[in-house]
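>>> Quick one: sequence and predicted model below, then my questions.
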Amino acid sequence: MFLTVKQKILLTLLEYSQLQNNEIAKHVGITEQWCSKTLANLHMEGLIESELKPPRKINKLTNKGAEIAKSLKEISQKTEAKTP
């Protein structure tokens with residue numbers, strides 16, 4: 001199953017609960033700049049929330065984001081199980 005960057009970020013936050021931007025970027029395999037832009041979009045969509053813990057922002061899923069991430073994980077697992 002091919003995942004978008006947004007989907008990968010949601011799944012990463014589902015797995016690790018709370019992460020800084022640079023940590024998310026490393027897990028997903030994107031630049032911090034791209035990660036920041038994508039996180040801003042996810043925030044506007046109500047899927048993540050950020051908390052400032054100086055000097056970094058900590059990102060975590062909202063309830064809506066967690067529901068979507070869990071659904072993505074389930075679909076991904078079903079797809080992988082069917083792949084020979």
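Sure thing, it's come through.
>>> Please look at Lys64 and Leu47 and confirm they touch.
Yes. The criterion here is CB atoms under 8 Å, and Lys64 meets it with Leu47 at 5.9 Å. Where you see a C-beta, it was placed from the backbone N, CA and C, and this is true even at glycine.
>>> Residues contacting the lengthiest helix in the chain, please?
In terms of residue count, the longest helix belonging to the chain (DSSP state H) is helix 63-82. Contacts to helix 63-82, defined as CB atoms under 8 Å, 6 or more residues apart in numbering, come from residues 1, 3, 7, 10-11, 13-14, 42, 46-48, 61.
>>> quick one: which of those residues sit in helices?
In this view, the contacts of helix 63-82 that belong to helices under DSSP H are 7, 10-11, 13-14, 42.
>>> Just the buried residues of these.
By neighbour count, with 16 or more other CB atoms under 10 Å, the ones in helices among the contacts of helix 63-82 hold 7, 10-11, 13-14, 42 as buried.
>>> can you put these in CSV and add pLDDT and distance to Lys53?
Compiled in CSV, those are given as follows (pLDDT from 0 to 100; distance: CB to CB, whole Å):
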residue, pLDDT, distance to Lys53
Gln7, 97, 26
Leu10, 98, 21
Leu11, 97, 23
Leu13, 98, 16
Leu14, 98, 20
Leu42, 98, 19
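>>> would you list these in CSV and tack on distance to Pro54?
Below are these laid out as CSV (distance: CB to CB, whole Å):
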residue, distance to Pro54
Gln7, 30
Leu10, 26
Leu11, 28
Leu13, 21
Leu14, 26
Leu42, 22
